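Q: this one's structure only:
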């Protein structure tokens, strides 16, 4: 079967080089050159691949092209092939661009809803609504409904991209396997992104405390902090002082936490002396004195637990003993270990009770 001239015609019409065509058929460039010069002939499997690549039937492919460029029938076949190839390429371009546009619109809308939800459920926005409406309440917005356009456009974009990949790579079983891998990886990335975004919104959602905050007295100040707990923790105090850095610090506060579906007062913590304000980091809430430090953790069940306690004690001769208590076990530690542990408190963030019912009323 001598199809060299025909193969050369189709390759040039499609704008492919011999190297590009060889890669698609999984042969060497020299093999393509030999086929086009009719030095050798392709096997049946290669002929089928060629017909799929150029979107021509086997009958058309196996018809030996006439060498005369003046032959009218040749001109008609060439134009027909060119139209088929151009139409197919246009279809692929539209699928790719359309899919990317729909996916981009979906992501932008999703990001907007996430940002809107994070803002309208924040403590600052609740205070703003209190000033405007006299009530501690989040905005009456149906965020799930706002997500519907993202879901629809995302689904359409995904279908278009899958169609593009399948139509562009639909040659053999191996390529279909590659298509499935690409689609699976894309869906996994979308799922991970969605879970991370939803997790962030859950972390920023302080509206669960709106009823508790609404019931506070005019002299009570509050703040929500992120600690070791899955949900934000609400701290409430009635006495604050300037810690010297402009923060409204406190030595005593009540701790509230959403356990199940109910907000509960899970305990009170107290620090000793204005030099040791209540502080926090990602591991818990700290209180301290000149010779001790405590770190509290909020368990998932809603229990306030003393997770770590260090003490410095002196005997009648003035000799110091240092101890650390964890999980109800106490052991003696060195002075260096004591100060290393105490440094956790030094590096923690001072709780800033910046909001109160009296402030919002003004």
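A: Nice, thanks for sending it over. These figures come from a predicted structure and were not determined experimentally.

Q: how long is stretch 274-281 from one end to the other?
A: Terminal residues of stretch 274-281 are spaced 19 Å apart (CA to CA, to the nearest Å).

Q: tell me which residues of it are tucked away?
A: 276, 277, 278, 279, 280, 281 (16 or more other CB atoms under 10 Å). Glycine gets a C-beta too; all of them are placed from N, C-alpha and C.

Q: and which of these is nearest to residue 334?
A: residue 276 (22.4 Å; CB to CB).

Q: mind putting the buried residues of stretch 274-281 into CSV with pLDDT, secondary structure and distance to residue 83?
A: Shown next, in CSV, are the buried residues of stretch 274-281 (pLDDT from 0 to 100; DSSP: H, G, I helix; E, B strand; the rest coil; distance: CB to CB, whole Å):
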residue, pLDDT, secondary structure, distance to residue 83
276, 92, coil, 82
277, 94, coil, 78
278, 95, coil, 77
279, 95, strand, 74
280, 94, strand, 70
281, 93, strand, 68
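
Q: out of those, who's nearest residue 287?
A: residue 278 (5.9 Å).

Q: tell me the average confidence for stretch 53-61?
A: For stretch 53-61, the mean per-residue pLDDT is 78.

Q: off-centre distance for that stretch?
A: Centroid displacement of stretch 53-61 relative to its chain, using CA atoms, centre = their mean, to the nearest Å, is 46 Å.

Q: quick one: end-to-end length of it, please.
A: Using CA to CA, one end of stretch 53-61 lies 11 Å from the other.

Q: do stretch 225-244 as well
A: The stretch stretch 225-244 measures 21 Å between its terminal residues, going by CA to CA.

Q: please point out which parts of that stretch sit buried.
A: Quick answer for stretch 225-244 (16+ other CB under 10 Å): 225, 227-229, 231-238, 240, 243.

Q: what helix or strand is residue 27 located in?
A: Using DSSP states H and E, residue 27 sits within no helix or strand.

Q: picking that back up, closest to residue 257 out of the buried residues of stretch 274-281?
A: Within the buried residues of stretch 274-281, proximity to residue 257 (CB to CB) peaks at residue 280, which comes in at 13.4 Å.

Q: ok, the closest one to residue 255 distance?
A: Note on residue 280: its distance to residue 255, by CB to CB, to the nearest Å, is 11 Å.

Q: cool, and residue 109?
A: Residue 109 sits 38 Å away from residue 255, going by CB to CB.

Q: can you tell me the element the closest residue to residue 98 other than its chain neighbours falls in?
A: Leaving aside its sequence neighbours, residue 98 sits nearest to residue 160 (CB to CB, 6 or more residues apart in numbering; 4.9 Å). If you go by DSSP H and E, residue 160 is part of helix 143-169.

Q: what's that helix packed up against?
A: helix 72-120, helix 173-204 (3 or more CB pairs under 8 Å, 6 or more residues apart in numbering; DSSP states H and E).

Q: between the ones you listed, which gets the lowest average pLDDT?
A: Lowest mean pLDDT within those: helix 173-204, a mean of 54.

Q: pull out the buried positions in stretch 323-342.
A: Neighbour-count burial for stretch 323-342 flags 324, 333, 338, 341, 342 (criterion: 16+ other CB under 10 Å).

Q: where does the residue lying closest to residue 4 once chain neighbours are set aside land in three-state SS?
A: Nearest residue to residue 4, sequence neighbours excluded (CB to CB, 6+ apart): residue 38, at 3.9 Å. The assignment at residue 38 comes out as coil when based on DSSP: H, G, I helix; E, B strand; the rest coil.

Q: how close does residue 38 get to residue 111?
A: Separation of residue 38 from residue 111 (CB to CB): 58 Å.

Q: looking at those two, which is more packed in?
A: Neighbours around residue 38 and residue 111, counted as other CB atoms under 10 Å, are more numerous at residue 38. The numbers are 15 against 12.
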